[in-house]
Structure formats: structure tokens, C-alpha cells
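*Asks:* my questions concern the predicted model and sequence given below.
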Amino acid sequence: MSKELVEYVVKSLVDDPESVVVTEVEGQSSVVLEVSVNTNDMGRLIGKKGRVINAIRTLTQVQGARLGKRISVEVV
């Protein structure tokens, strides 16, 4: 569920939504979402001083708290 959320938000931000790939790596009590985008869209994803990616991480942390899991987002 959080994978779809991150994928939707990132595809809305970038110029080339077809190049967005979100990979979910699940552990016992945590989930790591690896986000890969086109190199030209990397700046849009990270944002000025990392504000955009931090906002995405905050959204996933809230959703993870509801599910009882720790969710982290990494940019690949």
C-alpha cells in the first residue's frame, strides 16, 4: 500500500513518469522502498535542501505507524 503511495507521488512530480521504479524490500518489522528515477528528474525528487524527499518520507512514516511497521524511503 505504501509502495503505491510513493509511486503515485513520485510519478506526479517528475517529467518522465515511465522511468519511475519503486522497489519494496520487506524485513520482519520494517520496509525499505527504493525509488529510482531518470537522472534529469533527480533534482525534482530530492527538492531544494531535500524538502520534497523528506515530505515523502514523512508520509510513509505516518502510514507505517498505522500499519505497525517502520517504512523508510531511499533514492537509488
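*Replies:* Looks like it arrived, so ask away. Source: prediction; values computed, not measured.

*Asks:* when you work out contacts or count neighbours from here on, use the C-alpha atoms and nothing else.
*Replies:* Noted.

*Asks:* where exactly do the helices run in the protein?
*Replies:* Secondary structure of the chain (DSSP state H): helices at 2-13, 42-46, 51-67.

*Asks:* and those: which comes nearest residue 76?
*Replies:* Closest to residue 76 of the helices of the chain is helix 42-46 (CA to CA; 9.6 Å).

*Asks:* for the residue lying farthest from the centre of the chain, give me the backbone phi and psi.
*Replies:* Among the C-alpha atoms of the chain, the one most distant from their mean position (CA atoms, centre = their mean) is that of residue 28, at 19.6 Å. Note on residue 28: its backbone torsions stand at phi -70, psi -50 [degrees, to the nearest 10].

*Asks:* so residue 33 sits right up against residue 21, yeah?
*Replies:* No. The pair residue 33 and residue 21 does not pass the contact test of CA atoms under 8 Å, sitting 10.0 Å apart.

*Asks:* what about the two, which has more around it?
*Replies:* Between residue 33 and residue 21, residue 33 has the larger neighbour count (other CA atoms under 10 Å), namely 23 against 17.

*Asks:* is the more buried one in a bridge, and if so with what?
*Replies:* Judged by DSSP bridges, the bridge partners of residue 33 are residue 24, residue 73.

*Asks:* now do the contacts for it.
*Replies:* 3, 22, 23, 24, 25, 71, 72, 73, 74 (CA atoms under 8 Å, 6 or more residues apart in numbering).

*Asks:* only the buried subset of those, as a ChimeraX command please.
*Replies:* Restricted to buried positions by 16 or more other CA atoms under 10 Å, the ChimeraX selection for the contacts of residue 33 reads:
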select :3,22,71,72,73
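
*Asks:* let me have the contacts of residue 33 in a markdown table, extended by distance to residue 52.
*Replies:* A markdown table is the format used below for these (distance: CA to CA, whole Å):
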| residue | distance to residue 52 |
| --- | --- |
| 3 | 17 |
| 22 | 16 |
| 23 | 19 |
| 24 | 20 |
| 25 | 22 |
| 71 | 17 |
| 72 | 14 |
| 73 | 12 |
| 74 | 13 |
